[in-house]
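**Student:** give me a 3D structure for the following:
(2 chains)
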Amino acid sequence: MTEIAERAPALPARTARRALTPIVPAQNVAGTALVVVIAIMTFLSCLTLGAVTLVRDSSVAWQTEISREATIQIKPGDGVDMDTALVAAQGLAAGFAGVRSASIVDEDATARLLEPWLGTGLDLDELPVPRLVIVTIDPTSPPDFATMRTLLAEQVPGAALDDHRTWADRLVAMARTTVAIGLAILGLMLAATVLTVVFATRGAMDGNGHIIEVLHFVGAEARFIAREFRRHFLVTGLKGAAIGGAAAIVVFVGFSVWSSANLATPQGDQAAALFGNFAIGLTGYLGVALVAATVTILTGATTHFTVAAYLSELDGRQHA
Amino acid sequence: MVKASLGGVFAGRILNVSLTMTDQGLLGPGCAWFVIPVKVGAVIQFENVGLRYGMGTEVLRDVSFQVPPRSFQFLTGPSGAGKTTLLRLLFMSLKPTRGLISVFGKDRARISPRELPLMRRRIGVVFQDFRLLDHLTTYENVALPLRVRGRDEASYRQDVIELLKWVGLGERMHVLPPVLSGGEKQRAAIARALIEQPDVLLADEPTGNVDPPLARRLLRLFMELNRLGTAVVIATHDLTLMDQVDARRMVLTGGRLDIYD
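**Tutor:** As a prediction, this is how the structure comes out:
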């Protein structure tokens, strides 16, 4: 035995002082696949969350926009002096508390409104076209619409007040349904993410079973083994979640920039009418961060429980 | 005291010291600090132990034996006789279906999962398939039992290097296991089992993957360890190996154990 020992030359100090290799291998195929899976699922979850945020914000904007205006419509009829009626309606509406302004839609504007249906060069005097008074309302303290409606019926012949309530109610219902569907999809997406991350983590852990077993046999305590694996997979989860979250943010920022750059174009106006300015706001970005953090924690927790289950199986089994 | 004595083991120079029994224990001449206390009682004891897998027939039946301190024994028998299973019972990675196993004076059935790692640190195991971690160097594999205890590398570096030199792997310490030969892997696995200076060393077919000269050298290594105070149990079916040592033989046949002192 001594001769064996004597054969070994003294080692240079530098070789004996290199940094220790992590007990859990830094990266392998399963680990890379796990990063990719986590990144994709985080990306999709964040997109869903962003879409829900966008729809919710847009629906709130629509409701606010609609509740800011009411319309007085004056139908032409026998004995109705349209100009007088318009001025009377405007004056009556403007006198109410909670009304910021009341403006008559003039003949040119009315003609432009009807242009898509009746074409250009329309002479309003030749057709019985209703005329409108736009009433701008203070959304924080709206006027008494019932009284306004009654007074208009009494004092202005052919006048009718439309406070957009029916339309707003329908819109609110539609927006709520849309948000509820979005939240349901987000819930399903998050559930799918949770399950995918759990199974992908367990799959990646399977390739490390021999390491757990060796650590177990050399007398490592369960908490040491769990800590080593948890730390490794937390980093893996963090990488994937960060990549997925960052990609989602890039998409949101990209849409926002595109939307801003196309403000004056028909496509931009159409998109803006539906989705506002495509910005998900601070809440959206916080949501993305929350999804990424949840996925990371989930990866770590799954690892912990998988190791605990593996060790429990090694220790608790009666037979191999 | 045992720990201090084995610290000396790694310094190659004292390996061929002949130990003598004294009132205080085993004493190596010229090394006053090198004292191993004499232990009394069995390190591991089996009483009427039986084990079956699931609902099958018993693999081990009424197995009773002791592993005394500083003893040397072979565990042998035909392939499939249950040698590895018995080793796993010794190492507490299996629980018996019936009977009593006592490890370091403690009933196996009463050892909690929390205590198990601490108990296992007193038992070194050399697996038939080595169980080295391929991504760690030879040095790191051997140091693993100390690393998992949370010890600072600086505190054990020299011990590991000396032990690696002792088993003839001084030049291979920064090599990954896949490029080691079978014999080198075996020696690395043995070094890993010894680094914590165990009270008992269990080796499963330790010479199964090496040529006869290396097998003899490994056997001498086990005997040297035994002389220094470690109880050794070697599971093997290599008769040539067993014939080289006059040691107790425990023969497993059909799940029953016969002991030839």
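**Student:** so which residue is dead centre in chain B?
**Tutor:** Nearest to the mean C-alpha position of chain B, by C-alpha atoms, centre = their mean, lies residue B:201 at 1.4 Å.
**Student:** swap in chain A?
**Tutor:** Nearest to the mean C-alpha position of chain A, by C-alpha atoms, centre = their mean, lies residue A:50 at 2.1 Å.
**Student:** dump the residue contacts of that one.
**Tutor:** A:248, A:251-252, A:280, A:284, A:287-288 (C-beta atoms under 8 Å, 6 or more residues apart in numbering or on different chains). C-beta here means a position set from N, CA and C on the backbone, and glycine is covered the same way.
**Student:** closest to residue A:103 among those residues?
**Tutor:** residue A:280 (34.8 Å; C-beta to C-beta).
**Student:** residues contacting the closest one?
**Tutor:** Counting by C-beta under 8 Å, 6+ apart, residue A:280 has contacts A:50, A:53-54, A:57, A:252, A:287.
**Student:** now do it against chain B, distance only.
**Tutor:** Relative to chain B, residue A:280 is positioned 42 Å away (C-beta to the nearest C-beta, to the nearest Å).
**Student:** for residue A:170, same thing?
**Tutor:** Per C-beta to the nearest C-beta, residue A:170 is found 63 Å from chain B.
**Student:** and residue A:133, by the same measure?
**Tutor:** 80 Å.
**Student:** cool, and residue A:147?
**Tutor:** 78 Å.
**Student:** so which elements touch the host helix or strand of that residue?
**Tutor:** Using DSSP states H and E, residue A:147 sits in helix A:145-155. Contact partners of helix A:145-155 among helices and strands, from 3 or more C-beta pairs under 8 Å, 6 or more residues apart in numbering or on different chains; DSSP states H and E: helix A:82-94, strand A:159-162.
**Student:** and it, which residues are buried?
**Tutor:** A:145, A:148-149, A:151-152 (16 or more other C-beta atoms under 10 Å in any protein chain shown).
**Student:** just give me the closest of those residues to residue A:202.
**Tutor:** Looking across the buried residues of helix A:145-155 and measuring by C-beta to C-beta, the closest to residue A:202 is residue A:145, at 60.8 Å.
**Student:** what's the weakest-modelled helix or strand in chain B?
**Tutor:** In chain B, no helix or strand scores lower on mean pLDDT, DSSP states H and E than strand B:20-21, which sits at a mean of 33.
**Student:** thought residue B:90 was touching residue B:44?
**Tutor:** Yes. Between residue B:90 and residue B:44 there is a contact under C-beta atoms under 8 Å: 5.9 Å.
**Student:** just give me the neighbour total for residue 200.
**Tutor:** Picked chain A for this. 23 (other C-beta atoms under 10 Å in any protein chain shown).
**Student:** that answer is for a different chain, and I need it for chain B
**Tutor:** Residue B:200, neighbours per other C-beta under 10 Å, totals 23.
**Student:** report pLDDT for the residue of the stretch 151-261 of chain B found nearest chain A.
**Tutor:** Nearest to chain A, among the residues of the stretch 151-261 of chain B, is residue B:170, at 2.3 Å (C-beta to the nearest C-beta). On the pLDDT scale, residue B:170 is placed at 89.
**Student:** all strands of chain B, in order?
**Tutor:** B:20-21, B:26-28, B:31-36, B:44-52, B:58-67, B:72-76, B:98-103, B:106-107, B:123-126, B:200-204, B:231-235, B:248-253, B:256-260 (DSSP state E).
**Student:** alpha carbons only: can I get the fifth one in PDB?
**Tutor:** So the one you mean is strand B:58-67. In PDB, the C-alpha atoms belonging to strand B:58-67 read as follows (Å, rounded to 0.1, in the frame of the first residue of the first chain):
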ATOM      1  CA  GLU B  58     -38.700 -15.100   1.900                       C
ATOM      2  CA  VAL B  59     -35.400 -14.100   0.400                       C
ATOM      3  CA  LEU B  60     -33.700 -14.300   3.800                       C
ATOM      4  CA  ARG B  61     -34.900 -16.600   6.500                       C
ATOM      5  CA  ASP B  62     -34.000 -16.600  10.200                       C
ATOM      6  CA  VAL B  63     -30.700 -14.900   9.600                       C
ATOM      7  CA  SER B  64     -28.800 -14.300  12.900                       C
ATOM      8  CA  PHE B  65     -25.200 -13.100  13.200                       C
ATOM      9  CA  GLN B  66     -23.100 -10.300  14.600                       C
ATOM     10  CA  VAL B  67     -20.500  -8.000  13.100                       C
END
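**Student:** ok, of the buried residues of helix A:145-155, which one's closest to residue A:99?
**Tutor:** residue A:148 (8.4 Å).
**Student:** the closest one is in contact with residue A:94, isn't it?
**Tutor:** No. The criterion here is C-beta under 8 Å, and residue A:148 misses it with residue A:94 at 10.8 Å.
**Student:** neighbours of residue A:299, how many?
**Tutor:** As a burial measure, residue A:299 scores 27 neighbours (other C-beta under 10 Å).
**Student:** and it, its phi and psi?
**Tutor:** Geometry field for residue A:299 lists phi and psi as phi -60, psi -50, criterion degrees, to the nearest 10.
**Student:** apart from its chain neighbours, what residue comes closest to it?
**Tutor:** Distances taken as C-beta to C-beta, 6 or more residues apart in numbering or on different chains place residue A:237 nearest to residue A:299, at 2.8 Å, with adjacent residues excluded.
**Student:** now the one you found: how far from chain B?
**Tutor:** Distance from residue A:237 to chain B, by C-beta to the nearest C-beta: 21 Å.
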